[in-house]
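*Asks:* the following comprises the amino acid sequence and a computationally predicted model.
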Amino acid sequence: MNSFFGQVQLLDFTVSQLVLTALVFVWSGFVRSGLGFGGAALSLPLLLMIFDQPLFWLPILGLQLLFFSALTLRNRFYNVDWGLLKKTSVFIFPAKFIGVFGLISLPNQWLIIIIYCITLFYAVMWMLNLSIHSDKGWTDKMLLAIGGYFSGTSLSGAPPIVAVYAKMTSKERLRDTLFVLWFVLVAIKIITLAAFDIDLQLSNALLLIPIAALGHFIGLKVHTYLLQNDQMFRRVIGGVLFVICSIGLVALR
């Protein structure tokens, strides 16, 4: 597996593939910094339509998340809800490890189906303006575990975790707290992938950092606006993702 992915480079892509990849990574950076989550979840289905190998894209997305999370947080650690992170980690991290091992062991087509189905679920909820709510302690724990598992398999575990975090900390502290959590979760994934000798696509990730940086800084500028118009934004994105994931699943037949 490592030798195969080591032979795949972005510069081997066609011009149309390169242009589409660049646009998706601008989008990924924009969503990540604008909302505080969703950069991978909202871009991975698009990337799989360009090149259908999750284990090619996930390390790239993960390394970029590490870089931009650190960049955003460099002067904002004072705004992180450390108590919340400590209290919830016991439910998130074990499920995260299970998800990562599933990512390594599952067949490629299974991974693609899982990613599309997870994203399709979120897309329908956003289109219908539905939200994940939790009113009981056991529900919170279940959502945190589900988010940890999905994060391990596909980097798409944000919505269940955000549903819990959003009610347990202030809106002003939410994004920075989530960035710390994403950093730790992705670091676990990257270390595990490296331990299993899976190519981390470092050169490809570095090539795409300037592209994603454009979207990242645009997202930082409009973060407040997106929070104020969150429902409309999610409805539009939900509709687009629904179409993309539906096409992707049909194409797998």
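*Replies:* Cool, got the structure.
*Asks:* so where's the stretch 1-150 of the chain shaky on pLDDT?
*Replies:* Under the criterion pLDDT under 70, the flagged ranges of the stretch 1-150 of the chain are 1-8, 35-38, 131-136.
*Asks:* helices of that one, residue ranges please.
*Replies:* Counting by DSSP state H, counting those that start in this stretch, the stretch 1-150 of the chain forms helices over residues 2-6, 15-35, 44-50, 54-73, 82-105, 108-127, 137-154, given from the N-terminal end onward.
*Asks:* so which of those helices comes closest to Phe217?
*Replies:* In this view, the helices of the stretch 1-150 of the chain are compared for proximity to Phe217 by Cβ to Cβ, and helix 15-35 is the closest at 7.5 Å. From N, CA and C alone the C-beta is placed, and that goes for glycine too.
*Asks:* what's the angle from that closest one to helix 54-73?
*Replies:* With axes from the mean of the first three to the mean of the last three Cα atoms, to 10 degrees as the criterion, the two stretches helix 15-35 and helix 54-73 enclose an angle of 40 degrees.
*Asks:* what sits up against helix 15-35?
*Replies:* Identification of contacts with helix 15-35 by Cβ atoms under 8 Å, 6 or more residues apart in numbering yields 10-11, 13, 38-40, 42-43, 46-47, 50-51, 61, 64-65, 68, 72, 175, 208, 211-220, 222-223, 226-227, 230, 233.
*Asks:* ok, 7 Å please
*Replies:* Here helix 15-35 makes contact (Cβ atoms under 7 Å, 6 or more residues apart in numbering) with 10, 13, 38-40, 42-43, 46-47, 50, 61, 65, 68, 72, 208, 211-216, 218-220, 222-223, 226.
*Asks:* among the residues you listed, the buried ones, what's the PyMOL command?
*Replies:* Buried members of the contacts of helix 15-35, identified by 16 or more other Cβ atoms under 10 Å, are gathered into one PyMOL selection as follows:
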select buried, resi 10+38+39+40+42+43+46+47+50+61+65+68+72+208+211+212+213+215+216+219+220+226
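*Asks:* still on that earlier bit, which stretch among the helices of the stretch 1-150 of the chain comes nearest Leu202?
*Replies:* Across the helices of the stretch 1-150 of the chain, Leu202 has its closest neighbour in helix 54-73 (6.9 Å, Cβ to Cβ).
*Asks:* from the contact counts, what lies against the closest one?
*Replies:* Here helix 54-73 touches helix 15-35, helix 44-50, helix 108-127, helix 171-195, helix 202-221, going by 3 or more Cβ pairs under 7 Å, 6 or more residues apart in numbering; DSSP states H and E.
*Asks:* rerun that using 6 Å as the cut-off
*Replies:* The contact analysis (3 or more Cβ pairs under 6 Å, 6 or more residues apart in numbering; DSSP states H and E) places helix 54-73 against helix 171-195, helix 202-221.
*Asks:* could the ones you listed go into TSV alongside mean pLDDT and distance to Pro159?
*Replies:* Compiled in TSV, the helices and strands packed on helix 54-73 are given as follows (pLDDT from 0 to 100; distance: least, Cβ to Cβ, whole Å):
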stretch	mean pLDDT	distance to Pro159
helix 171-195	87	11
helix 202-221	88	18
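*Asks:* could I get those helices as JSON lines with distance to Trp126?
*Replies:* Below are the helices and strands packed on helix 54-73 laid out as JSON lines (distance: least, Cβ to Cβ, whole Å):
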{"stretch": "helix 171-195", "distance to Trp126": "18"}
{"stretch": "helix 202-221", "distance to Trp126": "18"}
